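> I'll drop the sequence and a predicted model, then ask my questions.
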Amino acid sequence: MLEKQIEHELMKEVKARGGLCIKLVSPSMSGLPDRMVLMHGGNIGFVELKQRGKKPRSLQVRRIEQLQQLGFPCYIMDEREQIGDVLDAICTS
């Protein structure tokens, strides 16, 4: 499954759960995760989407580590089947 297809499924599921799935694009900072997921209760998580079996680039890994050091949960998703577990984790964080 392509990254774009996984991203589309993630967006649909976040919307179905009443949250927001915001595309992150920053001209001043490269390597940010693809999506910021905002859920009820102030729960937030960052999701880097990859095609099945692909790994994040080194800059993406550094950005994820920076966000985690600040206390934000970050997830790398390369399969559609991970969506439910990731969203459950974000909703309970």
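Nice, thanks for sending it over.
> Can you tell me what sits against the one helix or strand Arg63 maps to?
Following DSSP states H and E, one finds Arg63 within helix 58-69. Helix 58-69 is contacted by residues 29-33, 46, 48, 56, 74, 76 when judged by C-beta atoms under 8 Å, 6 or more residues apart in numbering. Where you see a C-beta, it was placed from the backbone N, CA and C, and this is true even at glycine.
> same thing but 6 Å
Applying C-beta atoms under 6 Å, 6 or more residues apart in numbering, the set of residues contacting helix 58-69 from outside is 31-32, 46, 48, 74.
> quick one: buried residues of it?
For helix 58-69, burial by neighbour count (16 or more other C-beta atoms under 10 Å) applies to 60, 63-64, 67.
> which SS class is Gly84?
For Gly84, the assignment made with DSSP: H, G, I helix; E, B strand; the rest coil gives helix.
> quick one: contacts for Val14?
Taking C-beta under 6 Å, 6+ apart, we find Val14 in contact with 21, 37.
> ok but it is inside a helix, no?
Yes - according to three-state DSSP, Val14 belongs to a helix.
> And it, what's its pLDDT?
With respect to pLDDT, Val14 scores 98.
> Understood, closing this out.
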